[in-house]
Each structure stands twice: as structure tokens, then as C-alpha cells.
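K.L.:
task: produce atomic coordinates for the following.
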Amino acid sequence: MIDRRPALIICCANAHDVATAIAYARQHAMPLSVRGGGHNVAGTAVPDDGIVVDLSRMREVQVDAARRRVRAQGGATIGDVDRASQAAGLAVPLGLVSQTGIAGLTLAGGIGWLRRAYGTSSDNLAAADVITAAGERLHVSETENPELLWGLRGGGGGLGAVTSFEYHAYPVGPDVSFALVFHTWQDAQSALRNYREWASTAPDEVSSFAILWHAPALDEIPAEYHHTPVVTFAAMHLGDSAEARHDLAPLRDFGNPIADLSDVIPYLDAQRAFDDDYPAHELRYYWKSLYLTGLDDDALGLLTKINEASPSPHSTLDIWQLGGAFSRVGAEETAFGDRSAPFLLGIEANWESPDDDNANIQWARNAHQAMSAYSTGAEYLNFPGFYEEGEQVLRASLGANFERLIALRKQHDPTGLFSRR
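P.N.:
Below is the predicted model of the structure:
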């Protein structure tokens, strides 16, 4: 989807290389972007006729089990961090697809399976090493440059090149209870209403989704349902198996599911559960999002109509259950902003052929417009389309934090080196 032509791609091995690349861009007044571990479908890591500071070779991960801290270089992926931290019986709250780079994920928030138990990736950012537009190397923590740490926690980036991230980690695994239940389209409305009620009372140990899409051609799903509209519920439970069976029973036992693939599985496998749905360099992507104020019957009915109109069987409407630890961080405590919405709607247009670009992008934009009536107006900055609304999407999503973040960017990047696109 992203066809831009940078003048230079500088593949960095260490922080010195990053500082050298930034100095070169500053000297020649060239557009500059930073690429971490990849997976950003908005394409913000690639400027035309500019410089890409590529951190993808910087993937070292260090685990301090005694302090429950994990330090990872800026080019690391979720999979890199998961493997290293699980070896010590720990996990960092990150995203859902293991090939995702931790840098962009964290700087725009980072929501995954641990969100209701431990919050976002950005909430758990304890420290970072940053190289600013002026070439200054800063260590950032609660006691060193705390205002910069505030901005790195969910403000969307643009404050410098982060060469390392240090996270809080938590005892998780090695196994977790994972629910994955498929319902026919005929039962979609009743199943979604049941999900809505269950999600409002589920404990913090559970993070879940309702997914409206088309059934994949899995052997466990009867063939007559393949590629037809379905509703899927996915959930991870961090407690012991007895607690998990009790807490997940209302989700698993409702109605007559066409498939129930739930099981106790390694945490690492749960983190890779959706990897195959996002094959690198095979599909085309356009993702939008909205924080929802609720899921009344009218909203659920509209979502089912939108799914029926999808031009691609790969596209999904993902209803993320929020609340728990995610919601207990004040709106001004981090740049991420307001946490009051009970659900996040992810609108994922995923398709195969360039010939179908317009139809799929328009489907996602129509869905976004139609569901805006049920939203706070804010978007999750990791699912921003192509940032085509520019400053508007930042203002709507960061709320009262927007002006504070812009002042911070001007302090550390007065010439806009990191925002020339």
C-alpha cells in the first residue's frame, strides 16, 4: 500500500549510528522518519525523498528478573520481547501480532492481551533512551526528563528517536487459558448482546474481543460456514484453570457455537494466535478506529450490516473490551489521554488485489463515519488510517493533552525534523 521513495535508508547498529543519521538529516534539512521493528500499516516510517533511520537490526532484549524489568532496543519486535521475558517467567504488556515492532506500538499506546490486567505498553514504559533532533542523548525516566517520559507514553511519537525501551514486566504463564468461539451469522445479534453483558462484569484477568468477519477455512469449522459472515469471541484469562473455566463459561456456553477452539495453551502461542492473519507483503491494509461509548442494540445492528457489506473476506470489525487497569490511568497522567470508553472498535480493511483498493478503503471510511455516532470521537493512534485527517485526529484522540504534547515537541524538535512528511 505504501509506495514512497526515500533518498536514504540508514540501517543502524547502535545509538551512535542513529545520532549520525539524525545529524546528517539536520545538516541537509531532509525529511526524517524512524522505522522500528515494522508492521505500521499507515506507512509513517517512510518519507519521500527523505531519510529512514532503520532500527530493525537493533533487537537486543535484556531481562532483569529480580526487578521485573525488560529492556529492549528500538528495533525489537513483540516476539523478541516475549521470548526473552517468558524465559524468566515474565511478560510485558504489548500487542497481539508477534511481528509488530515495539517502538511504534508503545509510542502510540500499545493495547494487547494484558491490557485489562496491567494496562497499555506505554503505561508500563519505565524508562527510555532518546536521541533528539539536536543530537542530544537523553535518558528518560520518572526522575530524569519526566515530561519527556509523559509524552512518550502514548503521544504518537515525534519527540526523537527512541533507541531503547525499558518496561515493567509481570509474572505470566507459561500457560494461559485461551477462548476462541465461533457463532453463525444467524445468531450474531443474540451472541453479541450476551457478549456485551458478560464483558461488563468480567474480571480484570480477562481481556477479550468480539470479531465480526468471515469464517476462515479451518478444519475445525464446518465447511459450509467457510468464508461466510460469522461472529467470533476471543479471550485470554491469566488466572488458574479453575478460575478461567468459571469466568469464561458465560462466553463459551452461550447458544450453539459452530466451533469452540478454546484451550489452555502457552502464552507464547496465544501471542502468535493471529500472526497468520497478517502475512507480510501479501495483503493490503487500511485500518481505522473509534472509542465507543457503548454497544446498544442499534450499534450492534449497524455493525452487522457493515460486516455484511465488506468487499473482502479478510476484513474485520474488532470490538476490544476495555476497562480494568486500562481505565484506571487518569486522562492527564500520560499523553495517551482519556480511558473512559468501555470498548474500542478496530475497523480493519484487509484485502489482496490493488484493483480493490478503492472499494476496501471506502468500506472502512464508511464504517468509521457510520459508527461515529456511537463514539467519543477519539481514535487509537495505532489505527489511524493514513493520518489523512492530519492534526484533527491527534486533537480528537489526545484531547486536552494535545497542546501540552505540541509544546513538548517544539521544545525537543523546534524545526520539526521528525515531522517533515
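
K.L.:
check which helix or strand Tyr286 maps to.
P.N.:
If you go by DSSP states H and E, Tyr286 is part of strand 284-292.

K.L.:
what do you get for Gly301?
P.N.:
Assignment of secondary structure by DSSP H and E places Gly301 within helix 297-308.

K.L.:
which helices and strands does that helix pack with?
P.N.:
The contact analysis (3 or more CB pairs under 8 Å, 6 or more residues apart in numbering; DSSP states H and E) places helix 297-308 against helix 188-199, strand 206-214, strand 229-237, strand 316-321, helix 357-371. Any C-beta I mention is one placed from the backbone N, CA and C, and that applies to glycine too.

K.L.:
quick revisit: what comes up buried for the strand holding Tyr286?
P.N.:
By neighbour count with 16 or more other CB atoms under 10 Å, strand 284-292 contains the buried residues Arg284, Tyr285, Tyr286, Trp287, Lys288, Ser289, Leu290, Tyr291, Leu292.

K.L.:
angle of it against helix 297-308?
P.N.:
Orientation check (axes from the mean of the first three to the mean of the last three CA atoms, to 10 degrees): strand 284-292 against helix 297-308 gives 180 degrees.

K.L.:
and Leu107, which of the helices and strands packed on helix 297-308 is closest to it?
P.N.:
Taking CB to CB, strand 316-321 is the member of the helices and strands packed on helix 297-308 nearest to Leu107, at 19.0 Å.

K.L.:
and that closest one, which strands flank it?
P.N.:
Applying DSSP bridges, strand 316-321 is found paired with strand 206-214 (antiparallel), strand 343-351 (antiparallel).

K.L.:
out of those strands, which is closest to Gly324?
P.N.:
Nearest to Gly324, of these and by CB to CB, is strand 206-214 at 7.6 Å.

K.L.:
rounded mean pLDDT for that closest one, please.
P.N.:
The pLDDT scores in strand 206-214 average 97.

K.L.:
chain center to it: distance?
P.N.:
14 Å (CA atoms, centre = their mean, to the nearest Å).

K.L.:
same deal with stretch 284-295?
P.N.:
Distance, stretch centre to chain centre, for stretch 284-295: 12 Å (CA atoms, centre = their mean).

K.L.:
put the alpha carbons of that stretch into CSV.
P.N.:
The C-alpha coordinates for stretch 284-295 follow below in CSV (Å, rounded to 0.1, in the frame of the first residue of the first chain):
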residue,chain,number,x,y,z
ARG,A,284,-3.1,-4.7,1.6
TYR,A,285,-4.3,-2.9,4.7
TYR,A,286,-6.2,0.2,5.8
TRP,A,287,-7.2,0.4,9.5
LYS,A,288,-9.3,3.0,11.3
SER,A,289,-10.7,3.0,14.8
LEU,A,290,-13.1,4.6,17.3
TYR,A,291,-13.6,4.5,21.0
LEU,A,292,-17.2,3.5,21.6
THR,A,293,-19.4,5.0,24.4
GLY,A,294,-21.4,1.7,24.5
LEU,A,295,-22.8,-1.1,22.4
